[in-house]
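Chemist: I'd like to go over a predicted model; first the sequence, then the structure.
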Amino acid sequence: MDALVSSVTSADLIDQLRQIAGSAHVITNAKSMRRFSKGYRSGEGEAIAVVRPGTLLEKWKVLQACVAADRIVVFQAANTGLTAGSTPYGTYDRDVVIVNTMRIDGIQLIDDGKQVVSLPGATLFQLEKALQKIGRLPHSVIGSSSIGASVVGGVCNNSGGSLIERGPAYTELSLYAQIDGAGQLQLVNHLGIALGDDPETILTRLQNGDYSEADLEETNASASDTDYIHRIRDIEADTPSRYNADPGRLFEASGCAGKLAVFAVRLDTFPKYAREQVFYLGTNDTRVLTKLRRDLLPTLKTLPVSTEYMHAECYDISKRYGKDTLVMIDKLGTDRLPTIFALKGWLDARLNKVPLLPRNLIDRVMQGLSALWPNVLPPRLEAYRARFEHYMIIKAHDDGIEEIEAYLSKTFDGQTADWFACEPREGKIAGLHRFAAAGAAVRYMAVNEGRVSDILALDIALRRNDEDWFEVLPPEIEEALEHKLYYGHFFCHVMHQDYVVKAGYDAEEVKAKMIEIIEQRGAKFPSEHNVGHMYRAEEVHADFFKQCDPTNSLNPGLGKMSKNKHYA
């Protein structure tokens, strides 16, 4: 096969891709490709083309052509990943084609909306909007770091999110293509929907929603992480509640990180809450939050929707460098943001090549404009910032509202900790301020380029019984850092820790020391953003990747594994 495909030139392959997807959707210009070949936060590499298929069948034919030509394929949706796993990274032994799936964006409701089928380019925003109309909720909502993240991308990357009762994105029901050990492309239909026997029929029928309840097969396969609500309550367990290399959550599309070509996933949805209430808590003593978690997780009849932690330094950086993100979501809603950020990426790729213009001009302009906008944070949040160093945003629902309010009332007297029940507007802004934190770190680096060496973004899954959760770094690491941004999903014991490394310090050396500390604590990492090219895959994770992709033709090099064919 290798001798045969070696005669397929890049020009020949690009011609084939244009015939399949249309010339307008095959990009070969380096400037135009850059918003696809450069990662949201890190990672960048070369590709011979970016292809944007418009249907599932086009995606299949694109993959067929690339496999026949013995080229590497990197699948990508919104390119919101934080660990460089959705773009090429460095050099490879074969040419790379990026396949961006955002044009294939359908959401299909099945079983009266109790489940959905998501196509590769559908976003969490689209899913949430589709379910609002029928009073249902998705498996995940707007998360820690990503605007416009895709549903399929979340499943492929074990994305964790903030939802305590639902856990990480997971399903055992998917439709995917796999390159087997002999280099042959196979389409595998494990959606639990009878769609036909050949790829063209299966993909065309699914694209068109051409199936009925009679085509839904009986299955015991899970379409969500139904065990998570029990795992998280076990606060004495010596392991994390969730992390990317958990062998119990690596299954076909789930956790495959682009080592399979996923065409669709089937996921559970959930009843809409009748009532919601946000509580805001502040303290200067981390033991207060430890007590809160250990008291409530085992005893509450109704667990909170989410419990989001934020540290004072993170609060300040998000207030200044995440303000425009907060304002845009608040004023424009979420629907338009993916388009806005795609346009920003397109402009960045061009303006950064103009010699007389400063780098990251769009970020600088947006930062300047946001500085002119009045402070949007509610007075009560600002008052807590003046009093306290640690903050918790607790979103409760239904009967859990009264449970949590009763606990807060009897436990905290306003001295060691204080709290208040948010008005709806306060609760919304508190959540958006927390959400904007990760993007704020990226903005900080963009407008302070000369002062910053790099940003280390670590997401860490602490042991469920770990009471000493707040990190204290040794002086030799502290002196290398400009800022530390601590935030996370507290009851899940998943912490996001972003470190802004000062110019003049080796970010990789700092990261190695950080990881050594994390490993000594018995924590797992990454917890929910997958290994990408930033983390070394554990043995169980590496074995799973090899099982998914024996020839190493789809997204090679993940987990710092070999990029060569057959993992040579």
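Modeler: Great, that's in hand.

Chemist: going forward, measure contacts and count neighbours with C-alpha atoms only.
Modeler: Will do.

Chemist: endpoints of stretch 81-88, how far apart?
Modeler: Across stretch 81-88, the terminal residues are separated by 12 Å (CA to CA, to the nearest Å).

Chemist: contacts for that stretch?
Modeler: The contact list for stretch 81-88 (CA atoms under 8 Å, 6 or more residues apart in numbering) reads 36-47, 74-77, 79-80, 96, 98, 146, 257, 457, 529-535, 555, 558.

Chemist: any weak-confidence spans in the stretch 51-200 of the chain?
Modeler: 142-147 (pLDDT under 70).

Chemist: typo on my end, the chain
Modeler: In the chain, residues with pLDDT under 70: 1-6, 142-147, 334-338, 341-342.

Chemist: which strand residues bridge Glu276?
Modeler: Counting by DSSP bridges, Glu276 forms beta bridges with His397.

Chemist: sorry, back to before: so which of the contacts of stretch 81-88 are in helices?
Modeler: Phe36, Ser37 (DSSP state H).

Chemist: now do the strands in the stretch 101-250 of the chain.
Modeler: Taking DSSP state E, counting those that start in this stretch as the test, the strands found in the stretch 101-250 of the chain are 107-110, 115-118, 136-137, 174-179, 185-190.

Chemist: adding mean neighbour count and distance to Arg451, write those out as CSV.
Modeler: Shown next, in CSV, are those (neighbours: other CA atoms under 10 Å; distance: least, CA to CA, whole Å):
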stretch, mean neighbour count, distance to Arg451
strand 107-110, 19, 44
strand 115-118, 24, 43
strand 136-137, 20, 43
strand 174-179, 22, 45
strand 185-190, 17, 48
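
Chemist: any chance of those in CSV, plus distance to Ser562?
Modeler: Below are those laid out as CSV (distance: least, CA to CA, whole Å):
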stretch, distance to Ser562
strand 107-110, 36
strand 115-118, 31
strand 136-137, 40
strand 174-179, 17
strand 185-190, 21
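
Chemist: wait, which of those strands is closest to Gln126?
Modeler: Counting by CA to CA, Gln126 lies closest to strand 107-110 out of the strands of the stretch 101-250 of the chain; the figure is 7.7 Å.

Chemist: the closest one pairs with which strands, and in what direction?
Modeler: Checking strand 107-110 against DSSP bridges gives partners strand 115-118 (antiparallel).

Chemist: ok, back up a step: in strands, which of the contacts of stretch 81-88 fall?
Modeler: Among these, the ones falling in strands (DSSP state E) are Val74, Phe75, Gln76, Val96, Ile98, Ala457.

Chemist: which of these lies closest to Leu203?
Modeler: Phe75 (17.7 Å).

Chemist: quick check, the closest one in contact with Asn555.
Modeler: Yes - between Phe75 and Asn555 there is a contact under CA atoms under 8 Å: 7.3 Å.

Chemist: mutual contacts of these two, please.
Modeler: Contact criterion CA under 8 Å, 6+ apart; residues shared by Phe75 and Asn555: Gly258.

Chemist: just checking, Val501 is part of a strand?
Modeler: Yes - Val501: assigned to a strand according to DSSP: H, G, I helix; E, B strand; the rest coil.

Chemist: give me the nearest residue to it, chain neighbours excluded.
Modeler: Spatially, and ignoring its direct neighbours in sequence, Val501 is nearest to Leu481 (4.6 Å; CA to CA, 6 or more residues apart in numbering).

Chemist: tell me which residues touch that neighbour, please.
Modeler: Applying CA under 8 Å, 6+ apart, the residues near Leu481 are Tyr499, Val500, Val501, Lys502.

Chemist: can you get me a residue count around the residue lying closest to Leu462 once chain neighbours are set aside?
Modeler: In this structure, Leu462 finds its nearest non-sequential neighbour in Ala523, 4.6 Å apart by CA to CA, 6+ apart. By the measure other CA atoms under 10 Å, the count of residues near Ala523 is 23.

Chemist: now swap in Phe125 and tell me
Modeler: Phe125: 23 neighbours (other CA under 10 Å).

Chemist: that one is in contact with Gly148, isn't it?
Modeler: Yes - counting by CA under 8 Å, Phe125 touches Gly148, with 6.8 Å between them.

Chemist: in stretch 196-208, what counts as buried?
Modeler: Pro199, Ile202, Leu203, Thr204, Arg205, Leu206, Gln207 (16 or more other CA atoms under 10 Å).

Chemist: adding distance to Ala261, write these out as CSV.
Modeler: Listed next are the buried residues of stretch 196-208 as CSV, based on distance: CA to CA, whole Å:
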residue, distance to Ala261
Pro199, 13
Ile202, 15
Leu203, 13
Thr204, 16
Arg205, 18
Leu206, 16
Gln207, 16
